[in-house]
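In: Could you look at this predicted model? Sequence included:
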Amino acid sequence: MVGDGAQTARVPSVMGDYDTAQSEFTWDTARRWLDGLPGGGRNIAHEAVDRHVLHRRGDRVAFRFVDADGLDVMWTYAQLAERTSRFAEVLRAVGVGPGDLVCGLSGRIPDLYVALLGTLKARSVFSPLFSAFGPEPIRLRMAMGHARLLVTTPTLYRKKVDQLRADLPELEHVLLIGPDAEELVGAERLGPGVVPLAELWPSTTGARLVVRRHGCARDVGGRETGRGARARRRKPRVPRGQDLPVPGSLDVRRRPLSRQGRDRALART
């Protein structure tokens, strides 16, 4: 605690002496700190959370959240690994797989961080949307990214997203998080595909996902997940460099070319 006469407990740094660590640092050393994945590659959620559990640091504090209203949440690496794996299971259950876009529209609350790390663990893409955004910036980003799932609070859904659903045909699922969302479990839906995350939570196990670089991922029970296990028909993507109509607007924007695409275009000229 910080206050008059209070003593601040100092926790030893995991890096040891900072000046020594700074002078001796190399990127090769940093790479050796990471576990990597079977078959090569990296996964941010695995390196940030699960590897600490595997190396018997699961009982150490990984996440602490304190807000002005007195909410104090503290999770160990083992608890955070379980929660993020359960969120990854929810994504798998609703058909969101590797490469699919998941958007997060929320203030900084614990559930948002679980959604972010769980999305990365499922090998999907997470895009944060600032809660200060108005409806139009939200619609534009979700439409251009072909978002399939949104994580948000009931208040923000009603205020900024509900009016956009007709303009977001690819948005199939909305997961509600936060204290207010738990009150909506079993209640009338706020819209198509809108479900409180707490309603899907009991069907998950939190089994650690073994993420693989190539092919599908498998959980610890050996079951296949993602595209390798389930072929899904997808809406056609607009190729880079072609005109991309923005739903609900007469404006037509051009999806930017990749660097390689620009080089090929210049070569043709």
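Out: Ah, there it is. Numbers count the residues shown, from 1 in each chain.
In: Strands along the stretch 1-150 of the chain, start to end?
Out: 61-66, 72-76, 101-105, 125-129, 149-152 (DSSP state E, counting those that start in this stretch).
In: Dump those into a markdown table; add distance to A21 and mean neighbour count as well.
Out: C-beta coordinates here come from the backbone N, C-alpha and C atoms, glycine included. Shown next, in a markdown table, are the strands of the stretch 1-150 of the chain (distance: least, C-beta to C-beta, whole Å; neighbours: other C-beta atoms under 10 Å):
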| stretch | distance to A21 | mean neighbour count |
| --- | --- | --- |
| strand 61-66 | 21 | 14 |
| strand 72-76 | 25 | 14 |
| strand 101-105 | 33 | 23 |
| strand 125-129 | 30 | 17 |
| strand 149-152 | 36 | 27 |
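In: Could you point out which of these sits nearest V194?
Out: strand 149-152 (9.1 Å; C-beta to C-beta).
In: Quick one: mean pLDDT for the closest one?
Out: When pLDDT is averaged over strand 149-152, the result is 97.
In: strands paired with that strand, and their directions?
Out: Applying DSSP bridges, strand 149-152 is found paired with strand 101-105 (parallel), strand 173-176 (parallel).
In: Which residues does the last one contact?
Out: With contacts defined as C-beta atoms under 8 Å, 6 or more residues apart in numbering, strand 173-176 is touched by 90, 94, 96, 115, 148-154, 157, 161, 184, 190-191, 193-197, 200.
In: at 7 Å instead, please
Out: 94, 148-154, 157, 184, 191, 193-197 (C-beta atoms under 7 Å, 6 or more residues apart in numbering).
In: Show the buried residues in these.
Out: Buried by 16 or more other C-beta atoms under 10 Å: 148-154, 157, 184, 193-197, out of those.
In: Now distance to L34 too, for the residues you listed, in TSV please.
Out: Formatted as TSV, the buried ones among the contacts of strand 173-176 follow (distance: C-beta to C-beta, whole Å):
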residue	distance to L34
R148	29
L149	28
L150	31
V151	27
T152	32
T153	34
P154	38
Y157	37
L184	40
G193	37
V194	38
V195	35
P196	35
L197	30
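In: Okay, and which of the residues you listed map to helices?
Out: 154, 197 (DSSP state H).
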